[in-house]
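K.L.:
Structure for this input, please:
(2 chains)
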Amino acid sequence: MKITSIKGFADILPGEVEIWQFIEEKAREVFGVYNFSEIRIPIVEKTELFSRSLGETTDIVEKEMYTFTDQDAKESRLTLRPEGTAGVVRAYVESEMYQVEPVRKLFYSGPMFRRERPQKGRQRQFYQIGAEVLGRADALVDAELLLLLSDFFRRIGLEGVTLELNSLGCVQCRPAYREKLLAFLRERADRLCENCRRRMERNPLRVLDCKEPSCIEATRDAPSILDYLCEACREHFNIVQELLRQSDVAYKLNPRMVRGLDYYCRTTFEWTSTQLGAQNAVAAGGRYDGLVADLGGPPTPGVGFAMGMERLVLLLSMRELRQAPRPALFLVWVGDAGRAWAFPTAHRLRLRGVSVEMEGERKSLKSQMRRADKLRARNVIIVGDEELGKGIAVLRDMDSKEQRELRLEGLEDELVRRLEAPA
RNA sequence: GUGAGUGUAGCUCAAUUAGGUUAGAGCACUGGACUGUGGCUCCAGGGGUUGAGGGUUCAAAUCCCUUCACUCACCCCA
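P.N.:
Prediction:
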(Lines give C-alpha, C1' and ligand atoms only; values in the text may rest on other atoms or scores of the structure.)
Protein backbone atom coordinates (compact mmCIF):
# COMPACT_ATOMS: atom_id res chain seq x y z
CA MET A 1 0.00 0.00 0.00
CA LYS A 2 1.37 3.33 -1.04
CA ILE A 3 1.68 5.92 1.69
CA THR A 4 -0.08 9.11 0.75
CA SER A 5 -0.28 12.54 2.31
CA ILE A 6 -3.23 13.13 4.59
CA LYS A 7 -6.44 14.86 3.62
CA GLY A 8 -6.05 18.59 3.37
CA PHE A 9 -2.25 18.48 3.61
CA ALA A 10 -0.79 19.24 0.21
CA ASP A 11 2.67 19.18 -1.33
CA ILE A 12 3.79 22.32 -3.06
CA LEU A 13 5.77 20.97 -5.96
CA PRO A 14 8.31 22.57 -8.29
CA GLY A 15 6.42 24.41 -10.99
CA GLU A 16 4.08 25.88 -8.43
CA VAL A 17 6.52 26.69 -5.68
CA GLU A 18 8.01 29.46 -7.82
CA ILE A 19 4.77 31.41 -7.41
CA TRP A 20 4.97 30.98 -3.65
CA GLN A 21 8.52 32.27 -3.65
CA PHE A 22 7.51 35.23 -5.79
CA ILE A 23 4.71 36.16 -3.40
CA GLU A 24 6.92 35.79 -0.33
CA GLU A 25 9.65 37.87 -1.89
CA LYS A 26 7.27 40.71 -2.78
CA ALA A 27 5.70 40.57 0.67
CA ARG A 28 9.11 41.00 2.28
CA GLU A 29 9.80 43.99 0.06
CA VAL A 30 6.58 45.70 1.08
CA PHE A 31 7.03 44.91 4.75
CA GLY A 32 10.50 46.38 4.48
CA VAL A 33 9.18 49.61 3.02
CA TYR A 34 6.68 49.88 5.87
CA ASN A 35 9.31 49.00 8.48
CA PHE A 36 7.92 45.74 9.75
CA SER A 37 10.19 43.25 11.50
CA GLU A 38 9.81 39.55 10.99
CA ILE A 39 8.84 37.39 13.93
CA ARG A 40 8.99 33.59 13.97
CA ILE A 41 6.88 31.83 16.53
CA PRO A 42 6.12 28.18 17.28
CA ILE A 43 3.57 26.18 15.36
CA VAL A 44 2.36 24.46 18.53
CA GLU A 45 1.02 26.39 21.51
CA LYS A 46 -0.90 25.60 24.65
CA THR A 47 -4.52 25.04 23.76
CA GLU A 48 -5.60 27.64 26.26
CA LEU A 49 -3.93 30.40 24.26
CA PHE A 50 -6.33 29.91 21.36
CA SER A 51 -9.47 29.16 23.34
CA ARG A 52 -8.92 32.34 25.33
CA SER A 53 -8.00 34.67 22.50
CA LEU A 54 -10.28 33.47 19.69
CA GLY A 55 -13.28 32.85 21.95
CA GLU A 56 -14.54 29.60 23.43
CA THR A 57 -17.59 29.48 21.24
CA THR A 58 -16.04 30.20 17.86
CA ASP A 59 -16.18 27.41 15.31
CA ILE A 60 -12.42 27.26 15.17
CA VAL A 61 -12.08 26.54 18.88
CA GLU A 62 -15.15 24.36 19.11
CA LYS A 63 -14.47 21.95 16.30
CA GLU A 64 -11.58 22.83 14.01
CA MET A 65 -8.43 22.73 16.11
CA TYR A 66 -5.84 19.97 16.01
CA THR A 67 -5.45 19.42 19.72
CA PHE A 68 -3.54 16.62 21.41
CA THR A 69 -2.17 15.63 24.76
CA ASP A 70 1.57 15.90 25.23
CA GLN A 71 3.40 12.97 26.78
CA ASP A 72 4.54 14.77 29.88
CA ALA A 73 3.55 14.27 33.50
CA LYS A 74 1.03 17.09 33.40
CA GLU A 75 -0.50 15.75 30.19
CA SER A 76 -0.51 19.25 28.72
CA ARG A 77 -3.10 20.09 26.10
CA LEU A 78 -1.40 21.41 23.00
CA THR A 79 -2.78 22.75 19.71
CA LEU A 80 -1.44 23.27 16.21
CA ARG A 81 -1.93 26.98 15.67
CA PRO A 82 -5.12 27.80 13.72
CA GLU A 83 -4.08 31.42 13.17
CA GLY A 84 -1.14 33.70 13.85
CA THR A 85 -2.29 36.65 15.92
CA ALA A 86 -2.63 34.84 19.25
CA GLY A 87 0.92 33.53 19.11
CA VAL A 88 2.39 36.89 18.12
CA VAL A 89 0.61 38.63 20.96
CA ARG A 90 1.69 35.89 23.35
CA ALA A 91 5.31 36.41 22.29
CA TYR A 92 4.95 40.18 22.64
CA VAL A 93 3.69 39.78 26.18
CA GLU A 94 6.02 36.95 27.16
CA SER A 95 9.18 38.72 26.03
CA GLU A 96 7.92 42.00 27.46
CA MET A 97 8.63 43.84 24.24
CA TYR A 98 6.52 46.70 25.54
CA GLN A 99 9.17 47.46 28.20
CA VAL A 100 11.69 48.57 25.62
CA GLU A 101 9.41 49.85 22.90
CA PRO A 102 5.66 49.40 23.15
CA VAL A 103 5.03 50.08 19.46
CA ARG A 104 5.91 47.06 17.36
CA LYS A 105 5.24 46.35 13.72
CA LEU A 106 5.63 42.63 13.14
CA PHE A 107 5.04 40.24 10.27
CA TYR A 108 5.09 36.48 10.05
CA SER A 109 4.47 33.75 7.53
CA GLY A 110 3.95 30.05 7.84
CA PRO A 111 1.51 27.19 8.11
CA MET A 112 -1.74 27.23 10.08
CA PHE A 113 -3.99 24.27 10.79
CA ARG A 114 -7.75 23.93 10.86
CA ARG A 115 -9.63 20.68 10.56
CA GLU A 116 -12.19 21.77 7.97
CA ARG A 117 -13.39 19.93 4.91
CA PRO A 118 -10.98 20.86 2.10
CA GLN A 119 -12.26 22.65 -0.96
CA LYS A 120 -11.05 25.23 -3.45
CA GLY A 121 -8.79 27.67 -1.62
CA ARG A 122 -9.07 25.79 1.65
CA GLN A 123 -6.61 23.26 3.05
CA ARG A 124 -6.23 21.83 6.53
CA GLN A 125 -2.63 22.94 6.56
CA PHE A 126 -2.72 26.32 4.93
CA TYR A 127 -0.25 29.19 4.78
CA GLN A 128 -0.70 32.73 5.86
CA ILE A 129 1.36 35.86 5.67
CA GLY A 130 0.23 38.20 8.40
CA ALA A 131 1.15 41.43 10.11
CA GLU A 132 0.37 42.91 13.50
CA VAL A 133 0.91 46.39 14.87
CA LEU A 134 0.93 46.49 18.65
CA GLY A 135 0.81 49.65 20.72
CA ARG A 136 -0.85 52.06 18.37
CA ALA A 137 -4.48 53.09 18.80
CA ASP A 138 -4.68 55.76 16.11
CA ALA A 139 -6.66 55.39 12.92
CA LEU A 140 -3.60 56.18 10.83
CA VAL A 141 -2.15 52.78 11.48
CA ASP A 142 -5.39 51.06 10.46
CA ALA A 143 -5.23 52.93 7.18
CA GLU A 144 -1.52 52.21 6.84
CA LEU A 145 -2.16 48.48 6.95
CA LEU A 146 -4.80 48.79 4.28
CA LEU A 147 -2.44 50.82 2.11
CA LEU A 148 0.26 48.24 2.67
CA LEU A 149 -2.07 45.54 1.36
CA SER A 150 -3.11 47.67 -1.56
CA ASP A 151 0.56 48.29 -2.42
CA PHE A 152 1.33 44.60 -2.10
CA PHE A 153 -1.47 43.57 -4.46
CA ARG A 154 -0.22 46.10 -6.97
CA ARG A 155 3.33 44.81 -6.61
CA ILE A 156 2.37 41.22 -7.36
CA GLY A 157 0.12 42.32 -10.20
CA LEU A 158 -3.09 41.20 -8.58
CA GLU A 159 -6.22 42.85 -9.87
CA GLY A 160 -9.90 42.44 -9.27
CA VAL A 161 -9.84 42.45 -5.48
CA THR A 162 -12.21 44.67 -3.55
CA LEU A 163 -11.97 46.02 -0.04
CA GLU A 164 -14.90 45.74 2.31
CA LEU A 165 -14.81 47.79 5.44
CA ASN A 166 -16.74 47.86 8.68
CA SER A 167 -16.46 48.95 12.26
CA LEU A 168 -17.58 46.71 15.08
CA GLY A 169 -17.51 49.43 17.72
CA CYS A 170 -15.88 49.00 21.10
CA VAL A 171 -16.76 47.89 24.61
CA GLN A 172 -18.50 51.23 25.04
CA CYS A 173 -20.90 51.06 22.14
CA ARG A 174 -21.16 47.49 20.97
CA PRO A 175 -23.28 46.18 23.89
CA ALA A 176 -26.01 48.74 23.19
CA TYR A 177 -26.08 47.80 19.53
CA ARG A 178 -26.08 44.15 20.40
CA GLU A 179 -29.19 44.57 22.53
CA LYS A 180 -30.88 46.53 19.80
CA LEU A 181 -30.08 43.90 17.21
CA LEU A 182 -31.08 41.06 19.49
CA ALA A 183 -34.46 42.65 20.11
CA PHE A 184 -34.90 43.04 16.37
CA LEU A 185 -33.98 39.40 15.73
CA ARG A 186 -36.20 38.05 18.47
CA GLU A 187 -39.18 39.67 16.82
CA ARG A 188 -38.63 37.68 13.67
CA ALA A 189 -36.93 34.59 14.97
CA ASP A 190 -39.53 32.43 13.25
CA ARG A 191 -38.24 33.58 9.87
CA LEU A 192 -34.61 32.75 10.57
CA CYS A 193 -32.93 29.51 9.65
CA GLU A 194 -32.37 26.91 12.33
CA ASN A 195 -28.70 27.70 12.55
CA CYS A 196 -29.33 31.38 13.13
CA ARG A 197 -32.02 30.79 15.74
CA ARG A 198 -29.45 28.80 17.66
CA ARG A 199 -26.60 31.29 17.48
CA MET A 200 -28.77 34.37 17.75
CA GLU A 201 -28.51 34.70 21.53
CA ARG A 202 -24.83 33.88 21.68
CA ASN A 203 -23.61 35.95 18.80
CA PRO A 204 -26.37 37.99 17.15
CA LEU A 205 -23.94 39.72 14.78
CA ARG A 206 -23.33 36.45 13.01
CA VAL A 207 -26.93 36.33 11.84
CA LEU A 208 -26.25 39.34 9.62
CA ASP A 209 -23.61 37.32 7.83
CA CYS A 210 -25.87 34.34 7.04
CA LYS A 211 -26.27 33.48 3.37
CA GLU A 212 -29.64 31.77 3.81
CA PRO A 213 -32.16 33.70 1.64
CA SER A 214 -34.76 33.68 4.39
CA CYS A 215 -32.31 35.21 6.83
CA ILE A 216 -31.16 37.83 4.34
CA GLU A 217 -34.80 38.72 3.78
CA ALA A 218 -35.65 38.78 7.49
CA THR A 219 -32.72 41.01 8.37
CA ARG A 220 -33.12 43.41 5.47
CA ASP A 221 -34.06 46.29 7.78
CA ALA A 222 -31.87 45.27 10.69
CA PRO A 223 -30.23 48.11 12.61
CA SER A 224 -26.75 48.93 11.32
CA ILE A 225 -23.77 48.91 13.65
CA LEU A 226 -22.56 52.06 11.97
CA ASP A 227 -25.55 53.99 13.34
CA TYR A 228 -24.68 52.98 16.88
CA LEU A 229 -20.97 53.76 17.06
CA CYS A 230 -19.96 55.93 19.98
CA GLU A 231 -18.36 59.29 19.31
CA ALA A 232 -14.80 57.97 19.59
CA CYS A 233 -15.43 54.97 17.36
CA ARG A 234 -17.21 57.05 14.73
CA GLU A 235 -14.34 59.54 14.69
CA HIS A 236 -11.82 56.72 14.38
CA PHE A 237 -13.70 55.10 11.54
CA ASN A 238 -14.18 58.39 9.71
CA ILE A 239 -10.45 59.04 9.76
CA VAL A 240 -9.70 55.61 8.36
CA GLN A 241 -12.07 56.24 5.49
CA GLU A 242 -10.79 59.71 4.86
CA LEU A 243 -7.21 58.48 4.66
CA LEU A 244 -8.21 55.75 2.21
CA ARG A 245 -9.95 58.26 0.00
CA GLN A 246 -6.91 60.54 0.07
CA SER A 247 -4.79 57.69 -1.22
CA ASP A 248 -7.35 56.61 -3.80
CA VAL A 249 -7.95 53.22 -2.29
CA ALA A 250 -11.47 52.20 -3.17
CA TYR A 251 -13.57 50.51 -0.53
CA LYS A 252 -17.12 49.45 0.11
CA LEU A 253 -18.81 49.81 3.48
CA ASN A 254 -20.31 46.55 4.61
CA PRO A 255 -22.05 46.93 7.97
CA ARG A 256 -23.01 43.27 7.84
CA MET A 257 -19.44 42.05 7.74
CA VAL A 258 -18.64 40.13 10.88
CA ARG A 259 -15.31 38.62 11.66
CA GLY A 260 -15.18 35.11 12.94
CA LEU A 261 -12.94 35.76 15.90
CA ASP A 262 -14.10 37.28 19.15
CA TYR A 263 -11.15 39.59 19.68
CA TYR A 264 -11.98 42.06 16.91
CA CYS A 265 -13.27 45.57 17.60
CA ARG A 266 -13.56 48.83 15.70
CA THR A 267 -12.09 48.59 12.20
CA THR A 268 -12.50 45.27 10.41
CA PHE A 269 -11.86 44.59 6.76
CA GLU A 270 -11.77 41.94 4.13
CA TRP A 271 -10.24 41.92 0.66
CA THR A 272 -12.20 39.59 -1.57
CA SER A 273 -11.99 38.27 -5.10
CA THR A 274 -14.82 36.98 -7.25
CA GLN A 275 -12.53 34.46 -8.93
CA LEU A 276 -12.00 32.18 -5.99
CA GLY A 277 -15.30 30.33 -5.70
CA ALA A 278 -16.84 30.10 -2.28
CA GLN A 279 -13.69 30.94 -0.33
CA ASN A 280 -13.43 34.47 -1.61
CA ALA A 281 -11.42 36.20 1.13
CA VAL A 282 -7.84 36.89 0.09
CA ALA A 283 -6.86 38.89 3.14
CA ALA A 284 -8.72 39.99 6.21
CA GLY A 285 -8.15 41.49 9.58
CA GLY A 286 -9.03 44.20 11.99
CA ARG A 287 -8.40 45.88 15.27
CA TYR A 288 -8.15 44.00 18.57
CA ASP A 289 -7.61 46.53 21.32
CA GLY A 290 -8.39 44.20 24.21
CA LEU A 291 -6.37 41.15 23.29
CA VAL A 292 -2.98 42.04 24.73
CA ALA A 293 -4.53 42.73 28.13
CA ASP A 294 -6.61 39.54 27.88
CA LEU A 295 -3.40 37.58 27.46
CA GLY A 296 -1.81 39.10 30.53
CA GLY A 297 -0.02 42.11 29.08
CA PRO A 298 -0.53 45.79 29.81
CA PRO A 299 -3.49 47.43 28.07
CA THR A 300 -2.18 47.72 24.54
CA PRO A 301 -4.10 48.33 21.32
CA GLY A 302 -3.49 46.10 18.32
CA VAL A 303 -4.44 45.81 14.68
CA GLY A 304 -3.45 43.27 12.05
CA PHE A 305 -4.35 41.13 9.10
CA ALA A 306 -3.60 37.79 7.49
CA MET A 307 -3.45 36.81 3.83
CA GLY A 308 -4.23 33.33 2.54
CA MET A 309 -1.27 32.10 0.53
CA GLU A 310 -3.03 29.38 -1.45
CA ARG A 311 -5.70 31.88 -2.46
CA LEU A 312 -3.09 34.34 -3.69
CA VAL A 313 -1.41 31.48 -5.53
CA LEU A 314 -4.72 30.49 -7.14
CA LEU A 315 -5.23 34.03 -8.38
CA LEU A 316 -1.70 34.41 -9.69
CA SER A 317 -1.62 30.95 -11.26
CA MET A 318 -4.28 32.09 -13.65
CA ARG A 319 -1.52 34.16 -15.14
CA GLU A 320 1.66 32.66 -16.56
CA LEU A 321 4.59 33.80 -14.50
CA ARG A 322 6.32 30.60 -13.57
CA GLN A 323 10.02 30.62 -14.26
CA ALA A 324 11.88 27.37 -13.81
CA PRO A 325 15.55 27.77 -12.87
CA ARG A 326 17.79 27.82 -15.92
CA PRO A 327 21.34 26.43 -15.74
CA ALA A 328 23.98 28.77 -17.08
CA LEU A 329 26.07 25.87 -18.30
CA PHE A 330 25.67 22.21 -19.21
CA LEU A 331 28.83 20.12 -19.37
CA VAL A 332 28.73 17.52 -22.14
CA TRP A 333 31.44 14.89 -21.85
CA VAL A 334 32.52 12.03 -24.07
CA GLY A 335 34.59 9.10 -22.86
CA ASP A 336 36.12 8.30 -19.48
CA ALA A 337 38.68 11.07 -19.75
CA GLY A 338 35.94 13.55 -20.49
CA ARG A 339 33.98 12.46 -17.47
CA ALA A 340 37.05 12.58 -15.25
CA TRP A 341 37.56 16.14 -16.38
CA ALA A 342 33.95 17.25 -16.20
CA PHE A 343 32.93 16.27 -12.69
CA PRO A 344 35.54 18.24 -10.71
CA THR A 345 35.28 21.09 -13.18
CA ALA A 346 31.55 21.32 -12.55
CA HIS A 347 32.22 21.51 -8.84
CA ARG A 348 34.83 24.25 -9.14
CA LEU A 349 32.48 26.31 -11.29
CA ARG A 350 29.65 25.84 -8.82
CA LEU A 351 31.95 27.00 -6.03
CA ARG A 352 32.34 30.19 -8.03
CA GLY A 353 28.62 30.66 -8.34
CA VAL A 354 27.96 29.26 -11.81
CA SER A 355 24.89 27.01 -12.07
CA VAL A 356 26.18 23.91 -13.81
CA GLU A 357 24.49 20.67 -14.78
CA MET A 358 25.86 17.50 -16.35
CA GLU A 359 24.90 13.95 -17.23
CA GLY A 360 26.09 11.13 -14.97
CA GLU A 361 25.69 8.10 -17.16
CA ARG A 362 27.48 7.47 -20.40
CA LYS A 363 25.09 8.87 -22.99
CA SER A 364 25.45 9.79 -26.61
CA LEU A 365 26.41 13.35 -27.40
CA LYS A 366 23.02 13.82 -28.99
CA SER A 367 21.28 12.61 -25.89
CA GLN A 368 23.28 14.97 -23.70
CA MET A 369 22.52 17.87 -26.02
CA ARG A 370 18.82 17.03 -25.83
CA ARG A 371 19.00 17.08 -22.07
CA ALA A 372 20.82 20.42 -22.08
CA ASP A 373 18.09 21.77 -24.30
CA LYS A 374 15.35 20.41 -22.11
CA LEU A 375 16.85 22.05 -19.03
CA ARG A 376 17.04 25.26 -21.08
CA ALA A 377 20.75 25.60 -20.39
CA ARG A 378 22.10 28.83 -21.84
CA ASN A 379 25.47 27.34 -22.80
CA VAL A 380 27.07 23.98 -23.34
CA ILE A 381 30.69 22.96 -22.92
CA ILE A 382 31.72 19.89 -24.89
CA VAL A 383 34.79 17.95 -23.84
CA GLY A 384 35.85 14.60 -25.31
CA ASP A 385 39.08 12.85 -26.19
CA GLU A 386 39.48 15.07 -29.24
CA GLU A 387 39.29 18.27 -27.23
CA LEU A 388 41.43 17.02 -24.35
CA GLY A 389 44.07 15.97 -26.87
CA LYS A 390 44.12 19.47 -28.32
CA GLY A 391 43.92 21.16 -24.91
CA ILE A 392 40.64 22.87 -25.71
CA ALA A 393 36.93 22.78 -24.94
CA VAL A 394 34.03 23.73 -27.19
CA LEU A 395 31.65 26.39 -25.89
CA ARG A 396 28.26 26.55 -27.54
CA ASP A 397 25.73 29.28 -26.96
CA MET A 398 22.43 27.43 -27.09
CA ASP A 399 20.35 30.42 -28.06
CA SER A 400 22.53 31.80 -30.85
CA LYS A 401 24.09 28.40 -31.77
CA GLU A 402 27.46 30.12 -31.91
CA GLN A 403 30.36 27.85 -31.11
CA ARG A 404 33.96 28.59 -30.25
CA GLU A 405 36.99 26.78 -28.98
CA LEU A 406 38.45 27.82 -25.63
CA ARG A 407 41.79 26.76 -24.19
CA LEU A 408 41.49 24.40 -21.23
CA GLU A 409 44.15 26.39 -19.48
CA GLY A 410 42.37 29.23 -17.68
CA LEU A 411 39.02 27.92 -18.89
CA GLU A 412 37.23 28.36 -15.60
CA ASP A 413 38.21 32.03 -15.28
CA GLU A 414 37.12 32.55 -18.86
CA LEU A 415 33.75 30.87 -18.26
CA VAL A 416 33.06 32.78 -15.06
CA ARG A 417 33.84 35.99 -16.93
CA ARG A 418 31.68 35.14 -19.93
CA LEU A 419 28.72 33.75 -18.03
CA GLU A 420 28.53 36.68 -15.66
CA ALA A 421 27.12 38.84 -18.42
CA PRO A 422 23.32 38.66 -18.14
CA ALA A 423 21.68 36.84 -20.97
C1' G B 1 -19.93 16.93 10.11
C1' U B 2 -23.73 17.01 5.53
C1' G B 3 -24.61 16.78 0.16
C1' A B 4 -23.35 16.18 -4.97
C1' G B 5 -19.85 14.86 -8.72
C1' U B 6 -15.48 12.27 -10.45
C1' G B 7 -11.84 8.03 -10.27
C1' U B 8 -8.80 4.32 -17.05
C1' A B 9 -0.63 5.24 -18.64
C1' G B 10 3.43 10.58 -15.54
C1' C B 11 -0.52 14.39 -17.74
C1' U B 12 -5.21 15.30 -20.77
C1' C B 13 -8.77 12.05 -22.24
C1' A B 14 -11.24 7.61 -25.54
C1' A B 15 -13.57 2.74 -25.03
C1' U B 16 -19.12 2.53 -20.31
C1' U B 17 -25.05 4.08 -24.17
C1' A B 18 -27.10 -2.49 -25.01
C1' G B 19 -20.92 -6.55 -20.84
C1' G B 20 -17.67 -9.69 -25.94
C1' U B 21 -10.47 -10.82 -28.97
C1' U B 22 -4.60 -8.51 -26.44
C1' A B 23 -7.98 -1.38 -22.73
C1' G B 24 -6.43 2.93 -27.11
C1' A B 25 -4.84 8.14 -28.59
C1' G B 26 -2.31 12.81 -27.96
C1' C B 27 1.38 15.01 -24.93
C1' A B 28 5.57 13.54 -21.98
C1' C B 29 9.64 9.80 -21.50
C1' U B 30 13.73 6.45 -23.86
C1' G B 31 16.21 5.20 -28.29
C1' G B 32 17.03 5.46 -33.62
C1' A B 33 17.06 7.89 -38.61
C1' C B 34 21.77 11.79 -37.99
C1' U B 35 28.14 6.00 -34.75
C1' G B 36 30.67 13.61 -31.80
C1' U B 37 26.08 18.52 -31.69
C1' G B 38 19.63 20.42 -28.98
C1' G B 39 14.63 22.42 -30.78
C1' C B 40 11.44 20.52 -36.38
C1' U B 41 10.06 15.85 -38.82
C1' C B 42 9.56 10.57 -39.21
C1' C B 43 10.09 5.59 -37.00
C1' A B 44 10.36 2.32 -32.90
C1' G B 45 10.09 1.24 -27.71
C1' G B 46 8.99 1.36 -22.37
C1' G B 47 4.95 2.50 -19.25
C1' G B 48 -1.91 0.04 -16.83
C1' U B 49 -3.84 -4.60 -10.63
C1' U B 50 -9.15 0.48 -15.35
C1' G B 51 -8.68 3.69 -7.10
C1' A B 52 -9.35 -0.91 -3.75
C1' G B 53 -12.30 -5.25 -2.17
C1' G B 54 -16.28 -8.41 -3.07
C1' G B 55 -20.57 -10.11 -6.10
C1' U B 56 -23.42 -11.43 -10.85
C1' U B 57 -21.79 -13.78 -15.57
C1' C B 58 -19.11 -18.42 -20.16
C1' A B 59 -17.04 -13.32 -20.19
C1' A B 60 -16.68 -6.99 -16.30
C1' A B 61 -13.15 -0.71 -17.37
C1' U B 62 -18.57 -1.44 -18.44
C1' C B 63 -23.83 -4.19 -14.17
C1' C B 64 -24.61 -4.58 -8.40
C1' C B 65 -22.74 -3.87 -3.24
C1' U B 66 -18.97 -2.07 0.05
C1' U B 67 -14.88 0.97 0.78
C1' C B 68 -11.12 4.64 -0.21
C1' A B 69 -9.38 8.99 -2.54
C1' C B 70 -10.05 13.52 -4.97
C1' U B 71 -13.12 17.75 -6.40
C1' C B 72 -16.93 21.28 -5.63
C1' A B 73 -20.67 23.11 -2.49
C1' C B 74 -23.00 23.67 2.58
C1' C B 75 -20.66 25.18 6.97
C1' C B 76 -16.67 28.16 8.27
C1' C B 77 -12.85 31.28 7.01
C1' A B 78 -7.30 33.53 5.13
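
K.L.:
and the residue of the stretch 301-423 of chain A found nearest RNA strand B, what is it in contact with?
P.N.:
Per Cβ to the nearest atom of the strand, residue A:308 is where the stretch 301-423 of chain A lies closest to RNA strand B, at 2.4 Å. Where you see a C-beta, it was placed from the backbone N, CA and C, and this is true even at glycine. By Cβ atoms under 8 Å, 6 or more residues apart in numbering, residue A:308 lies in contact with A:121, A:126, A:127, A:128, A:279, A:281, A:282, A:283.

K.L.:
Look at it and report its pLDDT.
P.N.:
At residue A:308, the pLDDT value in this model is 96.

K.L.:
Beta-bridge partners for it, please?
P.N.:
Residues in a beta bridge with residue A:308, per DSSP bridges, are residue A:128.

K.L.:
where in chain A is pLDDT low?
P.N.:
Per-residue confidence of chain A (counting by pLDDT under 70) places the weak regions at A:1, A:318-324, A:421-423.

K.L.:
a markdown table for the contacts of residue A:308, including secondary structure and neighbour count?
P.N.:
Written out in a markdown table, the entries for those read as follows (DSSP: H, G, I helix; E, B strand; the rest coil; neighbours: other Cβ atoms under 10 Å):
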| residue | secondary structure | neighbour count |
| --- | --- | --- |
| A:121 | coil | 21 |
| A:126 | strand | 21 |
| A:127 | strand | 21 |
| A:128 | strand | 21 |
| A:279 | coil | 16 |
| A:281 | strand | 17 |
| A:282 | strand | 24 |
| A:283 | strand | 26 |
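
K.L.:
closest to residue A:219 among those residues?
P.N.:
Proximity of the contacts of residue A:308 to residue A:219 (Cβ to Cβ) peaks at residue A:281, which lies at 21.1 Å.

K.L.:
Now cross-check the contacts of residue A:308 against RNA strand B and list the overlap.
P.N.:
Counting by Cβ under 7 Å from any atom of the strand, the subset of those that neighbours RNA strand B consists of A:121, A:126, A:128, A:279, A:281, A:282, A:283.

K.L.:
ok, now which ones touch the third one?
P.N.:
Looking back up the chat, that one is residue A:128. With contacts defined as Cβ under 8 Å, 6+ apart, residue A:128 is in contact with A:83, A:84, A:109, A:110, A:112, A:306, A:307, A:308, A:309.

K.L.:
Quick one: residues in contact with the helix or strand hosting the fourth one.
P.N.:
Using DSSP states H and E, the element containing residue A:110 is strand A:104-113. Taking Cβ under 8 Å, 6+ apart as the criterion, the residues outside strand A:104-113 that touch it are A:24, A:27, A:31, A:34-41, A:43, A:65-66, A:80-84, A:88, A:92, A:97, A:124-135, A:309.

K.L.:
Which among the residues you listed count as buried?
P.N.:
Among those, those classed as buried by 16 or more other Cβ atoms under 10 Å are A:27, A:31, A:34, A:36, A:39, A:41, A:65, A:80-84, A:88, A:92, A:97, A:124-135, A:309.

K.L.:
Among the residues you listed, name the ones in strands.
P.N.:
Cross-referencing the buried ones among the contacts of strand A:104-113 with the strands (criterion: DSSP state E) gives A:80, A:125, A:126, A:127, A:128, A:129, A:130, A:131, A:132, A:133, A:134 as the overlap.

K.L.:
OK, contacts around the closest residue to residue A:312 other than its chain neighbours?
P.N.:
Distance criterion Cβ to Cβ, 6 or more residues apart in numbering; nearest residue to residue A:312, sequence neighbours excluded, is residue A:23 at 5.4 Å. By Cβ under 8 Å, 6+ apart, the residues touching residue A:23 are A:129, A:156, A:309, A:312, A:313, A:316.

K.L.:
now do 7 Å
P.N.:
Under the criterion of Cβ atoms under 7 Å, 6 or more residues apart in numbering, the contact partners of residue A:23 comprise A:156, A:309, A:312, A:313, A:316.

K.L.:
Show me the two of these that sit farthest apart.
P.N.:
The distance between the two most remote of the contacts of residue A:23 (Cβ to Cβ) is 11.7 Å, for A:156 and A:309.

K.L.:
Phi and psi next, for the residue in chain A that RNA strand B sits nearest to.
P.N.:
Chain A approaches RNA strand B most closely through residue A:260 (1.8 Å), counting by Cβ to the nearest atom of the strand. Here is the backbone geometry of residue A:260 (degrees, to the nearest 10): phi -80, psi -20.

K.L.:
Check the one 10 residues further on too.
P.N.:
Dihedral angles of residue A:270 (phi, psi; degrees, to the nearest 10) stand at phi -150, psi 130.

K.L.:
That one and residue A:259 touch, don't they?
P.N.:
No - taking Cβ atoms under 7 Å as the definition, residue A:270 is not a contact partner of residue A:259, at 8.1 Å.

K.L.:
Tell me where the stretch 101-250 of chain A has helices.
P.N.:
According to DSSP state H, counting those that start in this stretch, the stretch 101-250 of chain A carries its helices in the segments A:139-155, A:174-187, A:194-200, A:204-207, A:213-218, A:231-246.

K.L.:
contacting residues around the fourth one?
P.N.:
By Cβ under 7 Å, 6+ apart, the residues outside helix A:204-207 that reach it are A:178, A:181, A:182, A:185, A:192, A:196, A:199, A:200, A:215, A:219, A:258.

K.L.:
Pull out the buried members of the residues you listed.
P.N.:
The neighbour count (16+ other Cβ under 10 Å) marks A:178, A:181, A:185, A:192, A:196, A:199, A:200, A:215, A:219, A:258 as buried among those.

K.L.:
Report the two of those separated the most.
P.N.:
A:178 and A:215 (17.6 Å).
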